[in-house]
Every structure is written in structure tokens, then in C-alpha cells.
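>>> This is a predicted model, with the sequence first.
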Amino acid sequence: MRVYMSLLKLRIYHGLQYRVAALAGIATQFFWGTIMIMVFLAFYGESTSVGGFTTTQLVTYIWLQQAFLSFIVLWLRDMELFELIRTGNIAYELCRPLNIYGFWYTKLIATRIANAMLRCMPILVVAMFIPEKYRMSVPDSTESFMLFLVTLTLGLAINVAISMFIYISVFVTLSPMGSLLIFSVIGEFFAGLIIPIPLMPEWLRNIVMVLPFRYVGDLPFRVYSGNIPLGEAFFGIAIQLVWLTVLILFGRKLMQSALKHLVVQGG
Amino acid sequence: MIEIENLSKAFQVAKRKKGAFVSLFSREYETIHALKDISFKMEPGEIVGYIGPNGAGKSTTIKIMSGILVPNTGKCEILGITPWKSRIEHVRNIGVVFGQRTQLWWDVPVIDSFNLLRDIYKLSEVDYRRTLDQLVTYLDLALLLNTPVRQLSLGQRMRCEIAAALIHSPKILFLDEPTIGLDAVSKIAVRNFIKKINAENQVTVVLTTHDMNDIEALAGRIILIGKGEKLYDGDLANLRGNFISHKRVTVDFVENTAPLDIFGCEVLHASGERAVLLVDLVKTNVPSVIHELTNQKSIIDISVDSQPIEEIIVNLYREYQI
Amino acid sequence: MKIFFRYAKMWLKSQMVYKTSFILLCIGQFFVPFFVFVGLYLMFDLFDSLSGWSFNEVALLYGVIHMAFSISECVVRGFDSFSGMVRTGDFDRLLVRPLPTALQVLGSKFEFTRIGRLLQGIIIFVIGIGGIDVEWTLLKMSTVAFMVIGATFIMSGLFIIFATFSFWTIEGLEIANIFTDGGREMTQYPLLIYAKPIQKFFTFIVPFGVVNYIPLMYLLDRGPYDHPVYAFIPLMGVLFIVPSLLFWNFGVKHYKSTGS
């Protein structure tokens, strides 16, 4: 475990170097947030609440999405890992006395944390002080804020576990573009990144609930604003833990067989 | 043909500071003088080796001569044209090979790239065919033309690369490290081709390289630059004459353990039957050393080697502190 | 012009070498924006109207901008990926050839997989056109064509402008996404739904307005844009290419005096 912690620290430190890119990212995400809020508010028109989802909750939902974008999207990718698989240089990784799944998982999670560390604070701070119509609200209560932190962390862990499947699929396809496209389009739609899940029709919400994607961002963001009550939040955490276990176990299994296949192929 | 007078070029380079946020708004600049007052002339049909250590200003000069960069001051006329003033007119006269970069399309057969270049240079079908035939014969490309570039070896690719630079029959050819990374056979093929095209088509060649064998095989004249200044301009033989300070004498003799002591010589290696001496030509000369040797030992065999050109260049760099 | 098609042919040939990957990417390019459209559809399902605009009206704008975006991404892709060319020094190669640099950069990359997105745009465009309440005249039909042309030129102009910035810096250029990707996402809707400063900026500085709400209101005979002169306003977008190319030439000049 200690080796994973120091690897985590190292990669986060590495990721914190990209400050100019982060500055551009903050501006971009701030713009996207503003535009999305304006579109949704235009749909809301005069009404302040649709299906129990208030405009304030909506605005907060969008800002949290933008601030923690690197926690919830699937298109964020590590080209180095793709190259390792594609070129067959992964053989060198096998020489390390480490479990590759754990090693890559740590690397990916560290990149996302570093990314969010640079970006979330400026976005959140500005979003709290802009004109009221677009302003992000404070957490519903201390408890909901604590639960927000827990669900957000677990959500990140789930998202990285999902993204591991993209890397594993490259063992077979040898080109990341296809899987990346499919995973990010489908995953992000069902995660509420295109339209917030409370605004989806009921039949679609029923589908969303049985998939893992909404437990990444949708759950924590709605816990924050009180749209999901505390009791339900605890239930959500339980489901998050189940998903996380299932995804990691399945991912490791799949990776092992992919590696075995690779070794056999290599002779 | 090529006239360069008092060419100077300085760059502003941003100094990197620690915080990226700070450096977005305020930057400190440092001025680097890449070229200082360079002048030289070249005649049609010459092959000139343009040499110097990394960062000496070689590529800057080539870039100015090929119209990519504009100098701060100075004159540069190539076939009567100032490159940066009429770029398009100028580049029809020149061909450029940038060592490790490719100008061929990666995924399509070589011939497609050539055909595209024909359209870019607006060549007539007759001229194009004639040049292409010559290049195919000389560079032995017949079997490569229908192969996608990604499947070529480095040596094969370089041959195609050079052909691509010559497809519009330029009068001047700039070669920036044309043999870098090639194996011995390919290097020789490339050198032979350059010699041939120079002799037959009167193509003027400017060659930068770190491989002194290229220079020895090709260049009648070399221009040496360092830290942006011209240090030497003349033929290779002269350079040898002026700058060879030492010769190496290897001598085999009948077993004799008496120590050697010859004026002006450093003993590099000595055993019972062989010695290697470094002769300092300032203090003495080779005949008197041999004379002295025959006095001291009974000699079986003797050989005299010049310093390799490589070492001369290293010494030159050292002398000029570049 | 002939040379432009030679370049295009070369790239098509090049991309056809990897046929499977090409087809898969085309399909992907179809579905990425398609899910955004599904989202749009669901929103109209829930809300009926968007500040008075109907689903078909928005679909028309959505179709126009996606067609324009895919055409410019296919054709002007060389500018979109230009920063790499400066970084590796491959731009020098273009300067030793007897053609204008802008033409050569244009030829340096074509992305034919954008055909997927184009197809998606066309389908949604047809859905929109089929359902809006317009008395079609020849002039109005031309206006629709002008919208696509104008939007393509605006998008291409933006790609050229941001490519030019790479002559000065290659750091932080992602900010360009605000205008290209952002502009595309934004102009899927009538710009009038946004706050005033944004409307003004994207009408008078980056002229997306002339291919968006202004011609749409002309088509629907809505004031104050119901005068026939507004039939031609989308062509203003074509003019956007002029300052873009001037800026490009300025950038090339700068590059030639400083190098990379």
C-alpha cells in the first residue's frame, strides 16, 4: 500500500505542473458552465422547479460538474498507457514487482486529482459570487456536505474503475479511439452530463439507476444541494461500494486474462 | 551565385521562470546572437561543407538562405534573388532536405508523393518524367516507388527524400545532415549520388553534417562557424596543412627494452618490440624522428598516420573555444 | 484550386489505408453529437418550448451549425492541428515550397471521418426544415444555403485565427475551444436565449448571429428581421475569413523574423 501512496503523491505532483493548461481549462469550463446554465434556465422559463429539481439545485449541479469535470468525464485519457499497450512496451511494466492494475489505477486517479486540485477552487469561488441567477448555492447542511465529500470520492474511484476497461479493451482493439468514443458518449449521457438526470423522463431514469455511471457525479452533486435526502444518500453510498467492488474485481480479472493472452502471443 | 554579406541574426529567448502564472504576464528576455557578420560567396557547381558544433548557427544560416527566416541585417542574394523578399520565386531554385524530417506522405506509395510535388511545383509532364527517370536510375528507386513510405527502411527513405528535394531540378541543394542515422552502405550511396548530381547537373550543394567522412568524401571547401562567427573558409587540404599539429608514428623493432627518448615526441605506448609516438610538428618533423629511431633501435617496420579529420575539428573547436 | 483537390485526394487515399478504423470513426462521429441531440429532444419533451422557440426551429439551427462544423473540421483540419506543425518544425518545410502557406496548411490535413457528423447534421437539419412553419420562396431557400456557407466560413476563420496564435505560444491554446467547440454548442440554440453581453459578442465580434437567430427570424417573418435584405445576411459570415487570413499572414511574418 505504501508504494501506491508514494506513487499517488508523485503523480499528483507531476500533474500540478500543467498550470497554464489549467488556466485555459478553468476559463473553458467556466464558459461551458455559463452557457449550459443559460440554456437550461431558458427551458425553465418562468418556473422555478421542475419535477422537484429547483433552479438553484440545477445551477449548483452544473457548477459542480464543471468544477469536478476531471472526476466525472471518461474522455480524460493517458496516452502513455495506450502507447505502452499498442507498442508492446508493456512487457517492461510486467518487470515491475507491482500489480499492473493497481499501478495504472493509481496513476489515473492521481492525474484526475491533480487536474481537479488546480481547477476546482477558482471555479467554485467565482461561481459562488456571480449574480444571483447563476450563483451556486452553499451546501444544504453540514451533514449533506460531509456526505457529498464521501460520495464524490467514491464516485471518482468508480469512474477510474470504469475507465480501466477502456485501457483493457485496447489490448484487443489496439486503437483507443473506438472504445474511448463509445465509453465517453454512452457513459457521459447516462451520467447526466448532457442533461441532468432529474430532467430525464421516468423510463430513462429507470435505466440510469441500474447503471454505474450516475453514481460518479449525479449522486454527490444532488446530495450537496439537498435534492437527495440524507437517508437516501447513505443508501447511495452502499450501492457505490457494491459497484466499486464489482468493477474492480471484474476489471482485474479481465486484465489478468488480457495479460496472459499477451504473454502467450509474445511466445 | 550565392552572395552573403555581413549577415546577422539575433533571437529573443524568453527566460523560464518558476511560476507559470507569473510568466504569463511578465517575461524576461535574453538576446542570443545566432549569427554575427557572416559573409561568404559560392560559385555554381561548388560543394561546400558547412560545419560547426550544435548551436553554432548552421541551421540559422540554412534557414535564411532557404527563405524561412529573415535576418536582422545583412545581404543575402541567391541567383540574384533575396530569399525572404520573394519567397515563392526563390524556392523554385532550391531543394532542401531536412535530415530527420520527412516530406513524403506516410501512408501512400512514394510515387504519389512525387506526383503531388509535380503539381506543387507546376512541372510540365515532360520535364517531370525526365527528372524522375534520372533520379530513379541514380538512386535505384525503381522497386521503392510503389511502396508506402511507412514500409521503407531509413536508408531507402532518405534516398526517396533526396529525390523529392530534386524533383523540380533545383540549381541549389541544401542538405541538412543527410546521412544522420544511416548505415554505412546507405551513407556511401547517398554520397555517391550527391557527387554525381553535382558533376552532371551542375547542382550547387550546401551540406551541413557532423559526419566528417561526408566532408572528406564530398566537400572541396568547408566553412567552419562557431558561436555565430565564421572561423575558417577554405579547402580541406589547406585545413589539414594548417591545423595538423601532430602525426602518429608506429614502429616495430627487434626486441629491445632500452627506453626511447626522441626530441619533440610523446610516447603513447611502448613495449619490448613496439612503440607508438606522437610527433609534435612544431618542435620537429617526421624524417628527423625516423632518423633518430633508426639510430636507437633496429627497425622492422614503421608507419606514419595523420590525425583523423575528426580530431582536427575537435582541436579547432577547442582552439576557438566554441 | 486544382492543387487543393490533389491534396484532398491524397488524404482520402491515405485514410482509406485503414478502412475499418475509418468506418468506425465515421460511426463515432455520427453518434457523439447525436446523443446531444437526444438530450435536446428530451428537453423539448419535458418543456414544449424554449423561450418561444419550437423544437423544429432549434433543430434547424442545430443542423446548420453541425454541418458547418463538420465541413470545416474536415477541410480546415490542418489549421486545427497546426500547433504540432510549429512545434516539430515541419512548418519550415512549407516555406520552401512555391505555394502560399495558407493553402499548404489547408492541404496538410483532411479529416474525412467528419462525414459521420455531417450526415448527422443533415438528418437533423431535414427534421428541422420539415417541421417549421415557413412559406418557402426561392429567396428563403437560398437563405438556408447561405446559412450553411456563412457558418462554415466563420468556423474556418476561427480555426485559422487560433492556429496563428501558435506562432507565439503553444501553451494554453485549449482556450480556443471556447470559440470553436463552444461556439458550436452555443449556436445549436438561438443566441437570443443567452445574456445580452454574450449575444452581442457572438454577433458583432465573432459573427455567429448572422447565421443563427437573424436569418431564422427572417425565415419565420418575425420582426425586426423580416425585411428581404436579411436573406443575404448569412453571407456576412463569409467575410469573416478576410481578417482571419490577414492575421495569419501577420503571424507568418512574425515567425519568419523569430523562428520557432
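The structure has been received and is ready for your questions.
>>> low-confidence ranges in the chain?
Using chain A. A:263-267 (pLDDT under 70).
>>> please go with chain C instead
Residue ranges of chain C with pLDDT under 70: C:172, C:259-260.
>>> That one: helices as residue ranges?
C:2-15, C:19-47, C:55-75, C:77-80, C:82-88, C:90-95, C:101-107, C:115-131, C:138-165, C:181-186, C:196-200, C:213-219, C:236-239, C:241-258 (DSSP state H).
>>> Number of residues surrounding residue A:230?
15 (other C-beta atoms under 10 Å in any protein chain shown). No exception for glycine: its C-beta is placed from N, CA and C like everyone else's.
>>> That one: what's it in contact with?
Residue A:230 makes contacts with A:143, A:144, A:147, as judged by C-beta atoms under 8 Å, 6 or more residues apart in numbering or on different chains.
>>> returning to that earlier point: which one of the helices of chain C lies nearest to residue B:160?
With C-beta to C-beta as the criterion, residue B:160 lies closest to helix C:90-95 of the helices of chain C, at 14.9 Å.
>>> anything in the closest one near chain B?
Yes: in terms of C-beta under 8 Å from any C-beta of the partner chain, part of helix C:90-95 sits within range of chain B, namely C:90, C:92, C:93, C:95.
>>> how about a markdown table for those residues, with neighbour count and distance to residue C:171 added?
Shown next, in a markdown table, are the residues of helix C:90-95 next to chain B (neighbours: other C-beta atoms under 10 Å in any protein chain shown; distance: C-beta to C-beta, whole Å):
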| residue | neighbour count | distance to residue C:171 |
| --- | --- | --- |
| C:90 | 16 | 19 |
| C:92 | 24 | 21 |
| C:93 | 18 | 24 |
| C:95 | 22 | 23 |
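>>> sorry, back to before: switch the helices of chain C over to CSV; also include distance to residue B:128.
Converted to CSV, these look like this (distance: least, C-beta to C-beta, whole Å):
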stretch, distance to residue B:128
helix C:2-15, 14
helix C:19-47, 31
helix C:55-75, 28
helix C:77-80, 25
helix C:82-88, 27
helix C:90-95, 20
helix C:101-107, 19
helix C:115-131, 33
helix C:138-165, 32
helix C:181-186, 43
helix C:196-200, 54
helix C:213-219, 48
helix C:236-239, 37
helix C:241-258, 29
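>>> and of the ones you listed, who's closest to residue B:110?
Nearest to residue B:110, of all the helices of chain C, is helix C:2-15, at 12.6 Å by C-beta to C-beta.
>>> near chain A at all, that closest one?
No: shown here: helix C:2-15 not in contact with chain A (C-beta under 8 Å from any C-beta), separated by at least 12.9 Å.
>>> Does that helix reach chain B?
Yes: shown here: helix C:2-15 in contact with chain B (C-beta under 8 Å from any C-beta) through C:2, C:3, C:6, C:7, C:10, C:13, C:14, C:15.
>>> List of residues touching stretch B:290-303?
B:249, B:250, B:251, B:252, B:253, B:254, B:256, B:258, B:260, B:262, B:263, B:273.
>>> redo that, cut-off 7 Å
Residues from elsewhere that reach stretch B:290-303 (C-beta atoms under 7 Å, 6 or more residues apart in numbering or on different chains): B:249, B:250, B:251, B:252, B:253, B:254, B:256, B:260, B:262.
>>> for stretch B:165-185, same thing?
So stretch B:165-185 is in contact with B:59, B:62, B:65-66, B:78-79, B:92-100, B:114, B:117-118, B:121, B:123, B:131-132, B:135, B:154-155, B:158, B:162, B:187, B:190, B:197, B:203-211, B:214, going by C-beta under 7 Å, 6+ apart.
>>> can you rerun that using 6 Å?
When contacts are defined by C-beta atoms under 6 Å, 6 or more residues apart in numbering or on different chains, stretch B:165-185 is touched by residues B:62, B:66, B:93-99, B:114, B:117, B:121, B:123, B:131, B:154-155, B:187, B:190, B:203-209, B:211, B:214.
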